[in-house]
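1. A structural model of the following input is requested.
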Amino acid sequence: MAQQLAATRSAAAYTGVTNYAHTHPGEPAAAAYLALGHANMLDHHFAEASADFSAANTHGSALDDYADYLGAQAQLQAGHGAAAFALLNNFAQRHPGSIFIADAPILLANAYMQQGDPQSALRVLAPLTNTEQGSHSDFLYALARANQLSGNPAEAARLYRQIYLTQPLTNEAAQSRTQLDQLKVAPLTAAERKSHADQLFLAHRYADAEDEYSAISRNDSSLNSADRDALEIYMAVCELKTKKLSGRDADKLPETTDDSGAARLYILAEIARNDNDETLQHQYIDTLSTQFPHSHWLEEALYSAGNMYLLKHDYAHATSSYSALVMLFPTSAYAPSAHWRAAWMNYRLRIYPEAARLMDEQIQTYPGGQEIPGALYWRARMFEEEEHNYGQALNYYHVLVNDYPNYYYAILARQRLIALAGQTATAPPAPFLAYVHPPETVPLTDVLPENDIHLIKARLLANAALNEYIAPEIQAGAGAATWGLLAQAEIYASYGEYFRALETMKHSNLHFFNYDRDDVPAAYWHLLFPQPYWTDIVANSEKNQLDPYLVASLIRQESEFNPGALSRANAYGLMQLLPSVGKSESRHEGNRHFTASQLLDPPTNIELGTANLKQVLDRFGGQPEYTLAAYNAGDTPVRLWLAANDYKDVPEFVESIPFTETRDYVQAILRNREMYRQLYPTH
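-> Residues are numbered from 1 along each chain as shown. From the prediction side, this is the model:
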């Protein structure tokens, strides 16, 4: 009921949770009132929210710190800062161990300022200045406001400028800009504003960056014509990224001699690429390389060109672009990927000595990169098939299996080890293998500290649908580094929210696929590879002659078992079906009254999705790799890739998929299928 209230905030949902609060005394009632207060806050009903949080405080005790802190927020939003004082004064002493201890003084300071007492706000904030909290944007903004209201505009301006320049992606950055404009004390320079816009651009906030570049150009009278030309080009780059720039507009861009000139050439090269004019694109990149050999825009242009040639299966030109990038920008974020693609292009061109050299160089130069499992596997294949050095092939396969045991390429390596079982040849490990350093693994436990107050509170918070506080609450527990992840995921799973549990596991930064399966408690694996809707999956898989493990793995990749998933491409539900596909499959099943909302019903989605998957599988001769690629990218691209007809085997086709998303998708599902088979050996 609380989840429904948070999602819909309908009258019926409010009534349901209110009735629950009235009939379940103690901590359950407190959780229900917190849920009501949270919903009223979202609806901007601050007076009602204040009453709800107050009621939560009187019915239970475990979540009193939430009732006080959130109640103070509601009072402040309602303009009743004075009413927040009692809730926030001596907060740390009244609620030792609360996750809000660091934030309560900031809220209290804001309450003082609302009541016209900025000096008390400064007094409250002063002890936090040299703490971790003192570097946070909300603290700095509150401190700046207190100084501004206390008649110290210079210090306020310094703090606002600090937020604006060093934390440009925060909400407080935009607020700080507004305050600086009002203060008119040492206004922001054009260079400072451009630095801010540049950081927005690097964060892929292209529309915001364009607005800032435009505002600088319009409003800063100190700019000369060269400055305005540069800003025009930077605005054009933003429009290119948002697909709003036409070739005609790009041709009108001014020529400049600073880095904006490099950006202009990059734009023109990208427009030429979009127009499929390889000759013109190459000319612009050559000019960019000659005039701006160290520019970031050359790096971008080379990677883009390599990707274009890769899509066209022009491996020679792709290799040239990627190799140039690595040579000119060896520390680029693109360098590991570009280096690997150059290695793989050489392999596809059957230039095996160069491919072998580059793959070993990949292992040595980028040892922690995501390309290493592939480099180990394909280098081993060359040892085995081209050099007939079976001992070294075995060495590479064994390192891959031992260090990356649950990766897609480990599955293939185990198959090769079985095929080479009769080989007795040995060889000292190649020196490059010493550089293999998989991500570190940490010990994990499935024993939860049931008496830990933070775990107890987290479970109550889940009952109140205050999901955003569950993770911080658990992390505050003693030793949570070893048990917190499991606790959080199990909380979600206990409510049937398997997708939230799975998201928690996947976003934990723990490298589960580098663990041996037996080194991780089974509870973690079952949360990573859950079995909701398993009866429907098995029944419909058998009906369509599909592998249920493959279907489960596809659902895991498509929607993470979220039955309400809706993609930007308008794909619905567990198996992410388009309404057109659902309608077609529904007609085959005899349903003439199909609506897209039916795809949000798990049994219906699985029934129609498995029927569709079977059709795709049949179209591609029963080959799962081709089928999965088509499920993600569509039939036409896969048929174009297959038309090359120069792959030694299916794994070579998979690694040659030019769409990174599709290649990773296929490999992930095949890996997932193997994990499901190991975890649930019968169905």
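2. Please report how far the residue sitting nearest the centre point of the chain lies from residue 390.
-> The centroid of the chain falls nearest to residue 507 when counting by CA atoms, centre = their mean (8.0 Å). Noted for residue 507: a distance of 41 Å to residue 390, by CB to CB, to the nearest Å. C-beta: built from backbone N, CA, C; applies to glycine.
3. hey, where'd the helices end up in the stretch 351-500 of the chain?
-> 352-365, 372-385, 390-403, 408-419, 453-463, 470-475, 480-494, 498-506 (DSSP state H, counting those that start in this stretch).
4. buried residues in the second one?
-> What that stands for is helix 372-385. For helix 372-385, burial by neighbour count (16 or more other CB atoms under 10 Å) applies to 372-384.
5. Same question for the longest one.
-> When neighbours are counted by 16+ other CB under 10 Å, the buried residues of helix 480-494 are found to be 480, 483-493.
6. And the third one, by the same measure?
-> In terms of neighbour count (16+ other CB under 10 Å), helix 390-403 has its buried residues at 390, 392-401, 403.
7. Put together a markdown table for those residues, with pLDDT and distance to residue 59 on each row.
-> Listed next are those as a markdown table, based on pLDDT from 0 to 100; distance: CB to CB, whole Å:
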| residue | pLDDT | distance to residue 59 |
| --- | --- | --- |
| 390 | 97 | 72 |
| 392 | 97 | 70 |
| 393 | 98 | 68 |
| 394 | 97 | 67 |
| 395 | 97 | 65 |
| 396 | 98 | 63 |
| 397 | 98 | 62 |
| 398 | 97 | 61 |
| 399 | 97 | 59 |
| 400 | 97 | 57 |
| 401 | 97 | 56 |
| 403 | 95 | 53 |
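8. Contacts for the longest helix belonging to the chain, please.
-> Longest helix in the chain, counting residues (DSSP state H): helix 660-679. With CB atoms under 8 Å, 6 or more residues apart in numbering as the test, helix 660-679 has contacts from 406-408, 411, 513, 517, 522, 525-526, 528-529, 547, 549-550, 552-554, 556-557, 624-625, 628-629, 632-633, 637, 654-655, 657.
9. What separation do you get for the residue in the chain sticking out farthest from the centre and residue 391?
-> Ranked by distance from the centre of the chain (CA atoms, centre = their mean), the top residue is residue 424, with 45.3 Å. According to CB to CB, residue 424 and residue 391 sit 9 Å apart.
10. what about the strands in the stretch 101-250 of the chain?
-> Taking DSSP state E, counting those that start in this stretch as the test, none of the stretch 101-250 of the chain falls into strands.
11. In the stretch 1-150 of the chain, where is pLDDT below threshold?
-> Low-confidence segments of the stretch 1-150 of the chain, defined by pLDDT under 70: none present.
12. of all the helices of the stretch 351-500 of the chain, which lies closest to residue 328?
-> Among the helices of the stretch 351-500 of the chain, the nearest to residue 328 by CB to CB is helix 352-365 (15.2 Å).
13. which of the residues in the closest one are buried?
-> Those would be 355-356, 358-363, 365, for helix 352-365 by 16+ other CB under 10 Å.
14. Equivalent analysis for stretch 311-328, please.
-> Under 16+ other CB under 10 Å, the buried positions of stretch 311-328 are 313-315, 317-326, 328.
15. What about those residues, which are in strands?
-> Among the buried residues of stretch 311-328, none falls in strands (DSSP state E).
16. Which of these sits closest to residue 205?
-> Among the buried residues of stretch 311-328, residue 325 lies closest to residue 205 (CB to CB), at 25.3 Å.
17. mind listing what that closest one touches?
-> 299, 302-303, 306, 332, 334-335, 338.
18. how much space between the closest residue to it other than its chain neighbours and residue 345?
-> The spatially closest residue to residue 325, leaving aside those adjacent along the chain, is residue 302, at 4.1 Å (CB to CB, 6 or more residues apart in numbering). In this view, residue 302 and residue 345 are 14 Å apart by CB to CB.
19. Per the annotation, how does the chain divide into domains?
-> Following automatic domain parsing, one gets these domains for the chain: 2-185, 189-293, 453-528, 534-679.
20. Output these as CSV; include the columns distance to residue 430.
-> Converted to CSV, the domains of the chain look like this (distance: least, CB to CB, whole Å):
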stretch, distance to residue 430
domain 2-185, 44
domain 189-293, 35
domain 453-528, 21
domain 534-679, 21
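21. Grab the nearest non-local neighbour of residue 185.
-> In space, residue 185 is closest to residue 157, 4.3 Å off (CB to CB, 6+ apart).
22. now do residue 373
-> Using CB to CB, 6+ apart, the closest residue to residue 373 is residue 409 (4.1 Å).
23. Return the residues in contact with that neighbour.
-> Counted by CB under 8 Å, 6+ apart, residue 409 has contacts 373-374, 376-377, 400.
24. Take the residues you listed and lay them out in TSV including distance to residue 645.
-> What follows is these, written out as TSV (distance: CB to CB, whole Å):
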residue	distance to residue 645
373	27
374	22
376	27
377	23
400	28
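25. Which members of those residues define the maximum pairwise distance?
-> 374 and 400 (9.5 Å).
26. returning to that earlier point: which pLDDT does the model give the residue nearest to the centre of the chain?
-> For residue 507, the model assigns a pLDDT of 91.
27. Next up, phi/psi of it, please.
-> phi -100, psi 20 (degrees, to the nearest 10).
28. which one of the helices of the stretch 351-500 of the chain lies closest to residue 618?
-> Among those, helix 408-419 sits nearest to residue 618 (CB to CB), with 24.3 Å.
29. what about the closest one, distance to the chain center?
-> 30 Å (CA atoms, centre = their mean, to the nearest Å).
30. same check, this time on stretch 576-583
-> Distance, centroid of stretch 576-583 to centroid of chain: 26 Å (CA atoms, centre = their mean).
31. repeat for stretch 478-489
-> With CA atoms, centre = their mean, you get 21 Å for stretch 478-489.
32. Thought residue 133 was touching residue 102, still the case?
-> Yes. Residue 102 lies in contact with residue 133 (CB atoms under 8 Å); the separation is 4.5 Å.
33. quick check: angle from the longest helix of the chain to helix 372-385?
-> Taking axes from the mean of the first three to the mean of the last three CA atoms, to 10 degrees, one finds helix 660-679 and helix 372-385 inclined to each other by 80 degrees.
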